[in-house]
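Peer 1: pasting the sequence and the predicted coordinates here, then a few questions.
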Amino acid sequence: MTRYYTEDHEWIDVDGETATVGITDYAQGQLGDIVFAEIPATGAALKKGGDAAVVESVKAASDVYAPVSGTVIEGNAALESEPALVNSDPEGEGWFFKLTLSDTSELDSLMDAAAYKAFVDGL
Amino acid sequence: MSEDEELEPIEILELPLGEWHRGQGARMVEFAGYHMPIQYDGIMVEHLWTRENAGLFDVSHMGQLMLSGEGAAEALEALVPGDISALKEGRMRYSLLLAEDGGVLDDLMITAAPMGLYVVVNGAVKWDDMGYLREHLPDEITINHMDDRALLALQGPKAAEALARVVPGVDALFFMEAGSFFWGPKTDPEPLWISRSGYTGEDGFEISVPATHAQKLADALCAQPEVKPIGLGARDSLRLEAGLPLYGHDMNPDVDPVEGNASFAISKRRRAEGGFNGAERILKALTDGASRKLVGFNVEGKMPVREGAMIFAGDDQVGTITSGGFAPSVGAPIAMGYVTSAHTATGTALAAEVRGKRIAITVAPMPFIPHHYHRRGKAI
């Protein structure tokens, strides 16, 4: 399993054709207390860079973009009752959705952990 | 190229406590033209801390004005619907600055102080307010912008005991009363102007302090075990739960005080006598009812409904949300918005549109969380 990161502060765990997507610890820290997460429906076709999910803090709603293209196979139902999982365990239990990748070459432009850390340190 | 585009970028200004906030770990944002703290430890914990203990808010971006000169109260009454000339020294009143057509230019607090009328206006419109007051008040009335003073608010059920330890005697004030207090060493005390008021729905105080001493006072307050600094994020969620409107969102120049659910600010004598901007329109709305009104909403489910969301009764749009978000003490989303008069009754079932979905909302009485003011007994 390989983990990639985007400049929009999402992480993507890739296992063959399947990917799990969430937002990074840095992102949840910036957003603050998460009170609601809107997860894409199973079967939804996502296009890289398009709207995929919405995460709402006390203060504001923020879009989560699809880091790669694919078809949603599962949303994290736990977020419905416990959206604060995004704060407490953003890169684990607080995942957003899983999808089947439609173009694995899209992964080539993403960052690895070291590159993402350097990116965040530069912000 | 328009003239606007040739202007230099507007510089974001620093308030007396800017560095102090950064030292406290605040995340700073631009608000009303200033660098302001949006949060320290997180909006949720700061909100709940204020409801249970005491929160220190820096509201130095707000305009502190002193109107002085013979007949200042009577002159100001042409621009606000409150009974200002009846205010006894040390008493204060919430009021509204009215445009000539009765639209609300700002909401403000007016206190009868020894030197004149001490007026606190919203930061985002303070320059407009000052221009408007200068234009419409007689030349004999002096308007002093006290920009050499900071303004701190200490809010919460433990605010009185914490502040009384730092400034003895303040706990003698009741809600909407104000006075001068001295703070610091007896040999070189600093004059503070303190009122028992605020914008969170809790008991609390607002403290006007010389800017040069603001950091020292903030440190002295935060040294009290009940007190933590609180950012603008929690200030917004606290005032929303308290059912208090935020100017520029829940009120603007297009609405009059009756539409804005602020009829209580139109004093009895002024209702009888009129003589303020827009009196004809406003007094007619008081009698006949307004065509639309600001109301509160409970929101079904967990998805917040925010400013700008359209409100529907069936297929018809009947209003717009003007403030909304998750309410930490309620434990659910709440909102405020304008709806046409047929839909203002408590319990009316409506829907708000968020990202193409209809969310069930219900007209709710405000405040959402009961006020806990330290009111003077009715006997006095």
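Peer 2: In hand now; what should we look at? Numbers count the residues shown, from 1 in each chain, chains lettered A, B, ... in the order given.

Peer 1: point to the residue nearest the middle of chain A.
Peer 2: For chain A, the residue nearest the mean C-alpha position is A:G22 (2.6 Å; C-alpha atoms, centre = their mean).

Peer 1: name the helix or strand for it, please.
Peer 2: strand A:18-23 (DSSP states H and E).

Peer 1: who touches that strand?
Peer 2: Defining contact as C-beta atoms under 8 Å, 6 or more residues apart in numbering or on different chains, one finds that strand A:18-23 is touched by A:9-13, A:31, A:52, A:55, A:64, A:66-68, A:70, A:73, A:86, A:90-91, A:94-101. Just so you know, the C-beta spots here come from the backbone N, C-alpha and C atoms, and that holds for glycine as well.

Peer 1: tell me if the strand ranked longest in chain B is near chain A.
Peer 2: The longest strand of chain B (DSSP state E) is strand B:316-327. Yes. Contact between strand B:316-327 and chain A, assessed by C-beta under 8 Å from any C-beta of the partner chain, occurs at B:G325, B:F326.

Peer 1: partner strands of that strand, with direction?
Peer 2: Paired strands of strand B:316-327, with direction, are strand B:310-313 (antiparallel), strand B:332-340 (antiparallel) (DSSP bridges).

Peer 1: just the ones you listed: most buried one?
Peer 2: Among these, judged by mean count of other C-beta atoms under 10 Å in any protein chain shown, the one packed with the most neighbours on average is strand B:332-340 (a mean of 23).

Peer 1: I'd like the next helix or strand past that strand.
Peer 2: Per DSSP H and E, strand B:332-340 leads on to strand B:349-354 as the next helix or strand towards the C-terminus.

Peer 1: just want the angle from that next one to strand B:332-340.
Peer 2: Using axes from the mean of the first three to the mean of the last three C-alpha atoms, to 10 degrees, the interaxial angle of strand B:349-354 with respect to strand B:332-340 works out to 110 degrees.

Peer 1: how about the CA coordinates for strand B:349-354, as CSV?
Peer 2: What follows is the C-alpha trace of strand B:349-354 in CSV, where atoms were taken according to Å, rounded to 0.1, in the frame of the first residue of the first chain:
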residue,chain,number,x,y,z
ALA,B,349,-42.1,24.4,9.1
LEU,B,350,-39.9,25.6,6.2
ALA,B,351,-37.0,24.4,4.2
ALA,B,352,-33.5,25.8,3.5
GLU,B,353,-31.6,24.9,0.3
VAL,B,354,-28.0,23.8,0.9
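
Peer 1: got the buried residues for that strand?
Peer 2: Judged by neighbour count (16 or more other C-beta atoms under 10 Å in any protein chain shown), strand B:349-354 contains these buried residues: B:L350, B:A351, B:A352, B:E353, B:V354.

Peer 1: could you do stretch B:159-168 as well?
Peer 2: B:A159, B:A160, B:A162, B:L163, B:R165, B:V166, B:V167.

Peer 1: so who does the last one touch?
Peer 2: When you say that, I think you mean B:V167. B:V167 makes contact with B:F181, B:F182, B:W183, B:L192, B:I194, B:I207, according to C-beta under 8 Å, 6+ apart.

Peer 1: please report how far the third one lies from B:E190.
Peer 2: Using C-beta to C-beta, to the nearest Å, B:W183 is found at 5 Å from B:E190.

Peer 1: re the thing from before, what lines up beside the strand holding A:G22 in the sheet?
Peer 2: The strands beside strand A:18-23 in its sheet (DSSP bridges) come out as strand A:10-15 (antiparallel), strand A:97-101 (antiparallel).

Peer 1: quick one: average confidence on the first one?
Peer 2: By that I understand strand A:10-15. With pLDDT averaged residue by residue, strand A:10-15 scores 96.

Peer 1: one step back: export the strands paired with strand B:316-327 to a markdown table and tack on mean pLDDT?
Peer 2: Written out in a markdown table, the entries for those read as follows (pLDDT from 0 to 100):
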| stretch | mean pLDDT |
| --- | --- |
| strand B:310-313 | 98 |
| strand B:332-340 | 98 |
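
Peer 1: which of these sits closest to B:F57?
Peer 2: Nearest of the strands paired with strand B:316-327 to B:F57, taken as C-beta to C-beta: strand B:332-340 at 20.5 Å.

Peer 1: what's the distance between the residue of the stretch 251-380 of chain B found nearest chain A and B:A332?
Peer 2: Nearest residue of the stretch 251-380 of chain B to chain A: B:F326, at 4.0 Å (C-beta to the nearest C-beta). Here B:F326 is placed at a distance of 7 Å from B:A332 (C-beta to C-beta).

Peer 1: now B:T200
Peer 2: The value you get for B:T200 to B:A332, if C-beta to C-beta is used, is 19 Å.

Peer 1: same deal with A:A84?
Peer 2: Taking C-beta to C-beta as the measure, A:A84 and B:A332 are separated by 15 Å.

Peer 1: mind checking the longest helix of chain A?
Peer 2: Determined from DSSP state H, the single longest helix within chain A is helix A:113-121.

Peer 1: that helix and chain B in contact?
Peer 2: No. Between helix A:113-121 and chain B, judged by C-beta under 8 Å from any C-beta, nothing touches; the nearest distance is 15.6 Å.

Peer 1: report the angle between that helix and strand A:10-15.
Peer 2: Following the same axes, to 10 degrees, one obtains 170 degrees for the angle between helix A:113-121 and strand A:10-15.

Peer 1: would you mark the buried spots in helix A:113-121?
Peer 2: A:Y116, A:V120.

Peer 1: check stretch A:11-21 too.
Peer 2: By neighbour count with 16+ other C-beta under 10 Å, stretch A:11-21 contains the buried residues A:W11, A:I12, A:D13, A:V14, A:A19, A:T20, A:V21.

Peer 1: do the same with stretch A:27-35
Peer 2: Residues of stretch A:27-35 classed as buried: A:A27, A:Q28, A:L31, A:G32, A:D33, A:I34, A:V35 (neighbour count, 16+ other C-beta under 10 Å).

Peer 1: can you narrow the residues you listed to ones near chain B?
Peer 2: Restricting those to contacts with chain B (C-beta under 8 Å from any C-beta) yields A:G32, A:D33, A:V35.

Peer 1: what about those residues, which are in helices?
Peer 2: Among those, no member falls in helices (DSSP H).

Peer 1: narrow those residues to those in strands?
Peer 2: A:V35.

Peer 1: identify, from the ones next to chain B among the buried residues of stretch A:27-35, the entry nearest to A:A114.
Peer 2: Within these, distances to A:A114 taken as C-beta to C-beta reach their minimum at A:G32, with 27.0 Å.

Peer 1: excluding chain neighbours, give the residue nearest to the closest one in space.
Peer 2: Here the nearest residue to A:G32 in space, its sequence neighbours aside, is A:S57; by C-beta to C-beta, 6 or more residues apart in numbering or on different chains that works out to 4.6 Å.

Peer 1: circling back: which strands and helices lie in contact with the longest helix of chain A?
Peer 2: Helix A:113-121 sits against strand A:2-5, with contacts defined as 3 or more C-beta pairs under 8 Å, 6 or more residues apart in numbering or on different chains; DSSP states H and E.

Peer 1: in the strand it packs on, what counts as buried?
Peer 2: Using 16+ other C-beta under 10 Å as the burial criterion, the residues of strand A:2-5 that qualify are A:Y4, A:Y5.

Peer 1: now it - C-alpha only, CSV.
Peer 2: Presented in CSV, the C-alpha positions along strand A:2-5 are these (Å, rounded to 0.1, in the frame of the first residue of the first chain):
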residue,chain,number,x,y,z
THR,A,2,1.3,3.4,-1.0
ARG,A,3,0.2,6.7,0.5
TYR,A,4,0.2,9.8,-1.7
TYR,A,5,-0.7,13.5,-0.9
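
Peer 1: spell out which parts of chain A neighbour chain B.
Peer 2: Near chain B, the residues belonging to chain A are A:32-33, A:35-36, A:38, A:54, A:56-61, A:80, A:83 when assessed by C-beta under 8 Å from any C-beta.

Peer 1: pull the most distant pair out of those.
Peer 2: Within the residues of chain A next to chain B, two members stand farthest from each other by C-beta to C-beta: A:K59 and A:E80, at 20.7 Å.
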